[in-house]
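**Student:** Test case, fold it:
(one chain, ligands or ions: 1)
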Amino acid sequence: MNEISYTIDGFNHCEFYVGNAKQTAFYYCSTMGFKPIAYCGLETGNRNKVSYVLNQNKINLLITSPLKNNTEIGAHIERHGDGIKDVAFTVDDSELAWKTSLNRGAKSAIEPKEIKDSNGVAVISAIKTFGDTTHSFIERKNYHGVFLPRYHNNENKFTYDETGLIHIDHIVGNQEEGDMKNVCEYYENVFGWHRFWTVDDKDITTKYSSLRSIVMANNNEKVKIPINEPAEGLKKSQIQEFIDFYGTAGIQHLAFSTKDIIKTVKKMRKNGVEFLPTPSSYYDELRKRIGDIDEDIEELKRLGILIDLDENGYMLQIFTKPLQDRPTLFFEIIQRKGSNSFGKGNFKALFESIEREQQKRGNL
Ligand code: FE2
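**Tutor:** Numbers count the residues shown, from 1 in each chain. Predicted structure coming up:
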């Protein structure tokens, strides 16, 4: 098996395949403060697809729609609804990353190719992972433009108001029941990653449903991908609801970090982002469970923000409702204050909140 001799330097971007890229991009700009920085489409000579590049600090989202029928993008939307096709990593050597992955058992999605424009050259390749999802390897050390070659500066006048999102903390993949271990082994074998954190169905269970999760991380731990699977409960797990509506395994949520979650969530709520409600009883025992924290608990309660702690500190987090009509993809906002874990203490409250929403959808 080939040694891992290339470096992953973090998430480069996530590509969404959606039915109407213009309106999706507008929504993420006007409600979450992403700035449209680049574009490709008919006006830039691309007659097959349109893509908007949205940026906020270190986060890049690529929002793509097909411009004609019978495309791979259209087939993806038909199969899954709007969702995330590609989780792209920034690497020092795209061809080496691709070759190493294939030698270690991965299947190719895109063979390495150079793309150029007047700002330099980038190399792109991709491999397949769970469901129809892919991982691109983006090498852009010799590229000096705003995103990638052949994307032009954006001329759309979408309004945006920064909400303080900084970087992608983690990206979660939902698997079908029984597949979690195989998918984790794929990340161990193909990428040489390690298990960062795990939680089993005894930790995360409500009266009705449960899940298992293993967080996979790369060497420098800049990339973390929790892998979930449903566990048997009295009623349908939210992971199974995702699988039913997405059709296969896929990306369940992106977690964005902020340095001031109160400010971020206030702005997003004002802009119309819907978050999962937290019952006020959650806050009753909080001071006992958490001790003293910097934030005003009444303020956290008003905004519905969850708090959890581990031996290193605490973290604050909140989850949006699904971002499209199907109960599939959503976002998490997270502020870490020492804690590196994934909110085990919050899972029960979170699940009960999700179950109330599932109930309304007739999917519990
Ligand atoms: Fe998360």
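**Student:** what does the chain put close to the ion?
**Tutor:** Neighbours of the ion within the chain, by C-beta under 5 Å from the ion: 255, 332. For glycine as for every other residue, the C-beta is placed from the backbone atoms N, C-alpha and C.
**Student:** Can you tell me which residue is spatially central in the chain?
**Tutor:** Geometric centre of the chain, nearest residue: Leu254, 2.3 Å, by C-alpha atoms, centre = their mean.
**Student:** Give me the sheet partners of the host helix or strand of that residue and which way each runs.
**Tutor:** Using DSSP states H and E, the element containing Leu254 is strand 250-258. Applying DSSP bridges, strand 250-258 is found paired with strand 165-174 (antiparallel), strand 330-337 (parallel).
**Student:** Would you reformat those strands as JSON lines and include mean pLDDT and mean neighbour count?
**Tutor:** Converted to JSON lines, the strands paired with strand 250-258 look like this (pLDDT from 0 to 100; neighbours: other C-beta atoms under 10 Å):
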{"stretch": "strand 165-174", "mean pLDDT": "98", "mean neighbour count": "21"}
{"stretch": "strand 330-337", "mean pLDDT": "97", "mean neighbour count": "21"}
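**Student:** For those strands, give me JSON lines that also has distance to Lys266.
**Tutor:** Listed next are those as JSON lines, based on distance: least, C-beta to C-beta, whole Å:
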{"stretch": "strand 165-174", "distance to Lys266": "14"}
{"stretch": "strand 330-337", "distance to Lys266": "11"}
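**Student:** can you give me the strands in the stretch 201-350 of the chain?
**Tutor:** 210-217, 224-231, 250-258, 306-310, 313-319, 330-337 (DSSP state E, counting those that start in this stretch).
**Student:** With distance to Met268 added, can I get those in TSV?
**Tutor:** TSV is the format used below for the strands of the stretch 201-350 of the chain (distance: least, C-beta to C-beta, whole Å):
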stretch	distance to Met268
strand 210-217	25
strand 224-231	23
strand 250-258	10
strand 306-310	15
strand 313-319	9
strand 330-337	8
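**Student:** what about these, which gets the closest to His167?
**Tutor:** Of all the strands of the stretch 201-350 of the chain, it is strand 250-258 that lies closest to His167, at 5.3 Å by C-beta to C-beta.
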